[in-house]
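Engineer: here is a sequence together with a model predicted from it:
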Number of protein chains: 2
Amino acid sequence: MTHLRSGQVAEQAGVNPQTLRYYERRGLIAEPPRSPGGHRAYPPETVDLLIVIKAAQRLGFTLEEVAELIDTGRRGHPTPDLRARAKAKIAEVDARIADLMTIRTTLNQVVTAGCDSLTDCTCPDCPMVT
Amino acid sequence: MTHLRSGQVAEQAGVNPQTLRYYERRGLIAEPPRSPGGHRAYPPETVDLLIVIKAAQRLGFTLEEVAELIDTGRRGHPTPDLRARAKAKIAEVDARIADLMTIRTTLNQVVTAGCDSLTDCTCPDCPMVT
DNA sequence: GGTAAGCCTGTACCTGGGTACCGGGTGCAA
DNA sequence: TTGCACCCGGTACCCAGGTACAGGCTTACC
């Protein structure tokens, strides 16, 4: 009674059932025990793990990074690894934001300069190509 | 002498030769005339077109959007289409920046709260899951 | 006319994060 | 015991934007 079937885990975690097997292949969730017939029997904590995985993904971590974070966390090391990685991720996010700000500025110039064609813009000092 | 071979176009535009054929398939560049032996003979303007395509990509337009922009521009319509699309793209960029700012804030909370594990965080009011 | 570089088509592969389909086996309840 | 939902493994496919490879032909230069 303390175990869940894959469909139940998927529904409670809000993911597609296929995603469970995918995460298992990717090493994000452990291979659960099986019923005599070969059906996966998940411990209830798997739902929480999936929720955490989704949260980490929303923070911009790739599945590979999430797998590493889970892995170092599970070894019981009291490492500052998560904080270090979060700091590194902040730097990545900042870089991406800076990129987008540059793009935004150029797009704004396109609008205010009155560009009317990608290929034959008649506006002076067209900001597209530069 | 007024035409270029695919390798020359690719080199001058700074793209991979294979990319030329890919863009041709995608409808971004027209099918050029061929030599008697079947080799593509590009007009020199193709280089400029490729440079413009790359510039538009850097502004966040997808290849499909670029194809449409080239297409409406080439029909000679003096439409405000490019400006309208640039404005829409600015809105997309703004939304993405807002997303990233939210992510940044949460990551910062992870750092300052001292989260030490994805799965078993000991910090109070862990911001990961919420 | 030989040879090497370059180009041709078609097809397969890559990244990342899944999703869908197929044919067949299981689990559970009535 | 039968019916049906569910699950199994394996494989293929999706998005975007390319990149790579194989086997064969063309072009250019000496």
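Structural biologist: Cool, the structure landed.

Engineer: state the mean pLDDT of stretch A:17-34.
Structural biologist: Across stretch A:17-34, pLDDT averages out at 97.

Engineer: who touches it?
Structural biologist: A:3, A:6-7, A:9-10, A:40-43, A:46, A:49-50, A:53, A:63-64, A:66-67, A:70-71 (CB atoms under 8 Å, 6 or more residues apart in numbering or on different chains). The way it works is simple: take the backbone N, C-alpha and C, and place the C-beta from them, glycine included.

Engineer: near DNA strand D, from the residues you listed?
Structural biologist: Subset of those in contact with DNA strand D: A:6-7, A:40, counting by CB under 7 Å from any atom of the strand.

Engineer: name all residues that make contact with the most centrally placed residue in chain A.
Structural biologist: Among the residues of chain A, the one closest to the centroid is residue A:57, at 2.8 Å (CA atoms, centre = their mean). By CB under 8 Å, 6+ apart, the contact set of residue A:57 is A:63, A:66.

Engineer: again, only this time at 7 Å
Structural biologist: Neighbouring residues of residue A:57 by CB atoms under 7 Å, 6 or more residues apart in numbering or on different chains: residue A:66.

Engineer: and it, how far from residue B:48?
Structural biologist: Separation of residue A:57 from residue B:48 (CB to CB, to the nearest Å): 41 Å.

Engineer: touching chain B at all, the helix or strand of chain A with the lowest mean pLDDT?
Structural biologist: None of the helices or strands of chain A scores lower by mean pLDDT, DSSP states H and E than helix A:63-74, at a mean of 89. Yes - Helix A:63-74 reaches chain B (CB under 7 Å from any CB of the partner chain) through A:69-70, A:73-74.

Engineer: point me to the residue of chain A nearest DNA strand D.
Structural biologist: For chain A, the residue closest to DNA strand D is residue A:7, as judged by CB to the nearest atom of the strand, at 2.5 Å.

Engineer: secondary structure class of that residue, three-state.
Structural biologist: Secondary structure, DSSP: H, G, I helix; E, B strand; the rest coil: residue A:7 is helix.

Engineer: report the separation between it and DNA strand C.
Structural biologist: Going from residue A:7 to DNA strand C by CB to the nearest atom of the strand, to the nearest Å gives 11 Å.

Engineer: any residues of chain A in contact with DNA strand D? List them.
Structural biologist: Going by CB under 7 Å from any atom of the strand, the residues of chain A near DNA strand D are A:5-8, A:17, A:21, A:38-40.

Engineer: still on that earlier bit, any of the contacts of stretch A:17-34 buried? List them.
Structural biologist: Among these, those classed as buried by neighbour count (16 or more other CB atoms under 10 Å in any protein chain shown) are A:3, A:6, A:9-10, A:40, A:42, A:46, A:49-50, A:53, A:66-67, A:70.

Engineer: just to revisit the earlier point, of the residues of helix A:63-74 next to chain B, which is the nearest to residue A:109?
Structural biologist: Among the residues of helix A:63-74 next to chain B, residue A:69 lies closest to residue A:109 (CB to CB), at 40.6 Å.

Engineer: how about the closest one, what does it touch?
Structural biologist: When the contact criterion is CB under 7 Å, 6+ apart, the partners of residue A:69 are A:56, A:61, A:82, A:85, B:118.
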